[in-house]
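[1] prediction below, plus the sequence it came from.
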Amino acid sequence: MTARTLNLDDSLYSYLLDVSLRETPLLKRLRDETQALPTARWQVAPEQGQFLALLVKLTGARRLLEVGTFTGYSALCMAAALPDDGSLICCDIPGDYNATAVRYWQEAGLAERIDLRLAPALETLAQLSGRFDLIFIDADKANYPSYLEHALRLLRVGGLAVFDNTLWSGRVLESNPDSADTRAIQALNRALKGDARVDLSLLPIGDGLTLCRKR
């Protein structure tokens, strides 16, 4: 028994993947292709993608929103978990990686479920209305506090906002960070602790994954 979360060394992490990861060959190919890019660090861990898919099924989500899509791995995981009438809006900025995402979505037969909108995410979010069931946020960290406010506006009651990178490789412990990204994540984490609008859990999965259920 242990009273705190285990530290995963390489061997234990490999075991975790070996006994639980159900990554399809298509997802593995996408992950491998992405790892060859200079910006490979932007990709979610495979167990995070699987966890997001499980959240979609657990919440019965039909309408999803993703802020920050990159090569489309997390979007593919979530879209595959949707029912036939489900949909996913993806917000990202134009980049060479957009074509990679679309190519894999098409190969998976899921492109019709995914609406990729290429513009600064705050502009896209300001234009959206209606109610979403789950929103995954993994974009520019400096705007995380603003993304929270948009998420709470767009989520249904009981809907889930999920923020990636909320442990920020330990940089959240810095006393006086120079990075605006680090300061924004610190501000988000502190604000969420006392935010009566949400139920909260920060999970040590990947680089830190924060779940916020709208009350």
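    Structure received. These figures come from a predicted structure and were not determined experimentally.
[2] what pairs with the spatially most central residue of the chain across the strands?
    Residue closest to the average C-alpha location in the chain (C-alpha atoms, centre = their mean): Phe136, at 4.1 Å. Here Phe136 shows beta-bridge partners Glu66, Val162, assigned using DSSP bridges.
[3] and it, what is it in contact with?
    For Phe136, the contacting residues are 52, 64-67, 74, 78, 162, 164, by C-beta atoms under 8 Å, 6 or more residues apart in numbering. For glycine as for every other residue, the C-beta is placed from the backbone atoms N, C-alpha and C.
[4] widest-spaced pair of the residues you listed?
    For the contacts of Phe136, the farthest-apart pair by C-beta to C-beta is Leu64 and Asp164; their separation is 14.7 Å.
[5] thinking again about what came up before, just the buried ones from the contacts of Phe136, in PyMOL syntax?
    Burial among the contacts of Phe136 is assessed by 16 or more other C-beta atoms under 10 Å; the matching PyMOL selection reads:
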select buried, resi 52+64+65+66+67+74+78+162+164
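[6] quick check, nearest of the contacts of Phe136 to Ala119?
    When the contacts of Phe136 are compared for distance to Ala119 (C-beta to C-beta), Val67 wins out at 11.6 Å.
[7] show me where pLDDT drops low in this protein?
    By pLDDT under 70, the weakly predicted segments of the chain are 1.
[8] strands of that one, start to end?
    Per DSSP state E, the chain carries strands over the ranges 63-67, 87-92, 114-118, 132-137, 155-164, 198-203, 209-214.
[9] and for the first one, what's in contact with it?
    The one in question is strand 63-67. Defining contact as C-beta under 8 Å, 6+ apart, one finds that strand 63-67 is touched by 56, 74-75, 78-79, 82, 86-91, 121, 125, 128, 130-139, 147, 154.
[10] one more time with 6 Å
    For strand 63-67, contacts defined as C-beta atoms under 6 Å, 6 or more residues apart in numbering pick out 75, 78, 87-91, 121, 132-137, 139, 147.
[11] now it against strand 155-164, angle please.
    Going by axes from the mean of the first three to the mean of the last three C-alpha atoms, to 10 degrees, strand 63-67 is angled at 40 degrees with respect to strand 155-164.
[12] again with the second one
    Strand 87-92 and strand 155-164 are oriented at 50 degrees to each other (the same axes, to 10 degrees).
[13] what packs against strand 87-92?
    Helices and strands touching strand 87-92, by 3 or more C-beta pairs under 6 Å, 6 or more residues apart in numbering; DSSP states H and E, are strand 63-67, strand 114-118.
[14] would JSON lines of the strands of the chain with distance to Gln48 be doable?
    Below are the strands of the chain laid out as JSON lines (distance: least, C-beta to C-beta, whole Å):
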{"stretch": "strand 63-67", "distance to Gln48": "13"}
{"stretch": "strand 87-92", "distance to Gln48": "16"}
{"stretch": "strand 114-118", "distance to Gln48": "18"}
{"stretch": "strand 132-137", "distance to Gln48": "10"}
{"stretch": "strand 155-164", "distance to Gln48": "7"}
{"stretch": "strand 198-203", "distance to Gln48": "10"}
{"stretch": "strand 209-214", "distance to Gln48": "6"}
